[in-house]
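Visitor: Next one to model:
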Amino acid sequence: MKCLISTTLKSLESMSSLLTPVQPVLSLFARFYVAWVFFASGLTKIDDWESTLFLFEYEYQVPLLNFVLAAYLATIAELIAPVLLSLGIASRFNAIVLSVVNVVAVLSLEDMAPAAFNGHVIWGMLLLQVAFWGAGKLSVDHIVRSKMSRSSSSCALA
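Guide: Residues are numbered from 1 along each chain as shown. Alright, predicted model coming up:
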């Protein structure tokens, strides 16, 4: 029995080690996908600003904010945070910013189709992945962190 368990664990470990090199690429694709969704939404908002203001005034029920301020904040967040998230710059912060936009969007719409809600859930889960685990090795954050740890270790040697 011990031999069967040991063999099974070794097989699982081998499979896991095959998947590990793919993790940064999948993390990058997830960031690109979520960034594209939010950036496209931001482009739609600036494409017809009058409609955007109309929707924020009458359709979306954004709590605590004036509809004009809410429209500007959402548009700015949807245009800037996705670009930074895609590049992996301040990834966790930008994932949290887009998570707030995502949650507010869900709470603001009274009648949301189930398919639209599911999309928001998927985007939210991908954003939480970045917020908790970071952007991965294919990001500016990782490059900066690597350079800083090398320079701090060389400072310690001096």
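Visitor: in the chain, which spans are helices?
Guide: Using DSSP state H, the helices of the chain run over residues 2-19, 23-47, 49-54, 67-87, 91-108, 114-133, 140-157.
Visitor: gap between Ser17 and Val62?
Guide: Relative to Val62, Ser17 is positioned 47 Å away (criterion: C-beta to C-beta, to the nearest Å). Glycine gets a C-beta too; all of them are placed from N, C-alpha and C.
Visitor: what's the answer for Trp123, then?
Guide: Trp123 is 18 Å from Val62, where distance means C-beta to C-beta.
Visitor: Ok, Phe93 next?
Guide: 22 Å.
Visitor: what does Lys137 give?
Guide: From Lys137 across to Val62, the span is 37 Å (C-beta to C-beta).
Visitor: now do Val104
Guide: 6 Å.
Visitor: so what's Gln48 up against?
Guide: No Gln there; residue 48 is Asp. For Asp48, the contact set (C-beta atoms under 8 Å, 6 or more residues apart in numbering) is empty.
Visitor: typo on my end, it should be Leu127
Guide: With C-beta under 8 Å, 6+ apart, Leu127 has these contacts: Val34, Ala95, Ile96, Leu98, Ser99, Asn102.
Visitor: Skip the chain neighbours and tell me the closest residue to the fifth one.
Guide: Leaving out its chain neighbours, the residue that sits closest to Ser99 by C-beta to C-beta, 6 or more residues apart in numbering is Leu127, at 4.6 Å.
Visitor: circling back: which of Trp123 and Val62 has more neighbours?
Guide: Trp123 (21 against 18; other C-beta atoms under 10 Å).
Visitor: close enough to count as contact, the more buried one and Asn102?
Guide: Yes. Taking contacts as C-beta atoms under 8 Å, Trp123 lies within contact range of Asn102: 5.7 Å.
Visitor: residues near Trp133, how many?
Guide: Trp133 has 13 nearby residues by other C-beta under 10 Å.
Visitor: Identify the residue nearest it in space, chain neighbours excluded?
Guide: Spatial nearest neighbour of Trp133, excluding adjacent residues (C-beta to C-beta, 6+ apart): Ser27 at 8.0 Å.
Visitor: Check what pLDDT the residue of the chain most remote from its centre gets.
Guide: Outermost residue of the chain with respect to the C-alpha centroid, by C-alpha atoms, centre = their mean, is Met1; its distance is 44.1 Å. Reading off the confidence values, Met1 has pLDDT 80.
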